[in-house]
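*Asks:* what shape does this take:
(one chain, ligands or ions: 1)
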Amino acid sequence: MSGHLVKELTDEGFVPFAFGNPRNLAELHPAPFGAALHMIASDDPENLHYHHAINRLNGLAYGGKDMGMPAWVQIDCGILPSAFIGFALPSTRLPDKLKWQMDIHDDVGLVPVAEAISIPTMQPGRYTSFSMCSVIPGKQLGYAAKLLSLKAYGCRRSLGVAQFDNFALRIHTRFGALEITEPHVPYHTCPENTFVYGCDLRGGAVLDMLERGLVVDDDREPTFLLDSRDTDKMMEMAARTRARTHRYWLLPPGAIRTEHGVQNPILEETLQVR
Ligand SMILES: CC(C)(COP(=O)(O)OP(=O)(O)OC[C@H]1O[C@@H](n2cnc3c(N)ncnc32)[C@H](O)[C@@H]1OP(=O)(O)O)[C@@H](O)C(=O)NCCC(=O)NCCS
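*Replies:* Numbers count the residues shown, from 1 in each chain. Presented below is the predicted three-dimensional model:
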């Protein structure tokens, strides 16, 4: 990867957008990385098709037309506390198959093809991210949507929830090593291999580095490779994390495809017990 990713995408015709409550839109950086956000107000009935398109996009990326986030989640956890941010294309430029998959039959103007969202937590500057997705592979659109959104919010530290077998980890770890704050989440929809992570964006400086095509260096060596199906090991890591005897980091490049399945490079730190 080289050059300015967001500029490269806008030069190709992808339109950066923000979709949410107008009061939230007014708080965003209007042109993160110099790319003016096309602001779409969620409370304008004219934009109802955009609600549906965001939902379709999410459902399509996460595995099926009807598997999108429920409409109430889109409102309660998305457009009311924050804004969906990503890239759109004019409907006339969508590939035919995608048009059909997104249920787009007329020229409806812009259609979202990648999005990410984060919502503020009670910890200043810390946002929790979810829903990163893209339906046009091979162009880094999902990654760029996450980058653009965190910049637009002014995020300094992020939180996220992921599964150890998801290749999206290769994107999340570009932002830096992930501190695994909950190595096992038994109350999640995927209790086998879900974890919670935190990432320090160094006051936001990491975002500018990444957009310029630079890499966040981390020369620490992993202590072990975690099999993405080894729930027992995740539970052991969780018990040690809770006991504050150990701390775990998921190191870049994240999920590695091996002959034994997907594995993750983990750094285990032993903490001083007082
Ligand atoms: C994850 C996702 C958002 C990536 O979108 P994107 O940035 O547009 O994806 P790209 O096809 O351009 O790939 C970007 C990077 O993702 C990683 N990646 C994506 N799919 C991968 C796969 N099947 N195997 C290995 N790496 C993969 C690679 O690191 C790739 O970078 P590279 O091509 O330089 O190696 C998209 O695949 C998606 O929507 N997935 C389903 C939803 C999901 O799982 N979201 C994450 C929840 S935590």
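*Asks:* touching, L210 and L147? I think so.
*Replies:* Yes. L210 is within contact range of L147, at 5.8 Å (criterion: CB atoms under 8 Å). C-beta coordinates here come from the backbone N, C-alpha and C atoms, glycine included.
*Asks:* okay, and the common contacts of those two?
*Replies:* Common neighbours of L210 and L147 (criterion: CB atoms under 8 Å, 6 or more residues apart in numbering): L5.
*Asks:* show me where the protein has helices.
*Replies:* Taking DSSP state H, the helices of the chain run over residues 5-11, 22-25, 48-61, 71-74, 96-101, 141-153, 169-172, 205-211, 231-242.
*Asks:* of all these, which lies closest to S42?
*Replies:* Across the helices of the chain, S42 has its closest neighbour in helix 48-61 (6.8 Å, CB to CB).
*Asks:* chain center to that closest one, what's the gap?
*Replies:* With CA atoms, centre = their mean, to the nearest Å as the basis, the distance from the averaged C-alpha position of helix 48-61 to the chain average is 16 Å.
*Asks:* contacts made by stretch 251-265 with the rest, please.
*Replies:* Residues from elsewhere that reach stretch 251-265 (CB under 8 Å, 6+ apart): 164-167, 169-174, 176-177, 216, 218, 220, 222, 225-229, 250, 266-267.
*Asks:* could you pick out which of those residues are near the ligand?
*Replies:* Among the contacts of stretch 251-265, the residues within reach of the ligand (CB under 6 Å from any ligand atom) are 166-167, 170-171.
*Asks:* mind listing the strands for the stretch 1-150 of the chain?
*Replies:* Listed in chain order, the strands found in the stretch 1-150 of the chain under DSSP state E, counting those that start in this stretch are 15-20, 38-41, 83-90, 110-120, 126-134.
*Asks:* give me the number of residues near the residue nearest to L89 when sequence neighbours are not counted?
*Replies:* In this structure, L89 finds its nearest non-sequential neighbour in V113, 5.5 Å apart by CB to CB, 6 or more residues apart in numbering. As a burial measure, the neighbour count of V113 was computed by other CB atoms under 10 Å and equals 28.
*Asks:* who's in contact with the closest residue to D165 other than its chain neighbours?
*Replies:* Spatial nearest neighbour of D165, excluding adjacent residues (CB to CB, 6+ apart): S228 at 3.7 Å. Each residue near S228 by CB under 8 Å, 6+ apart is listed here: 163-165, 193, 255, 261-264.
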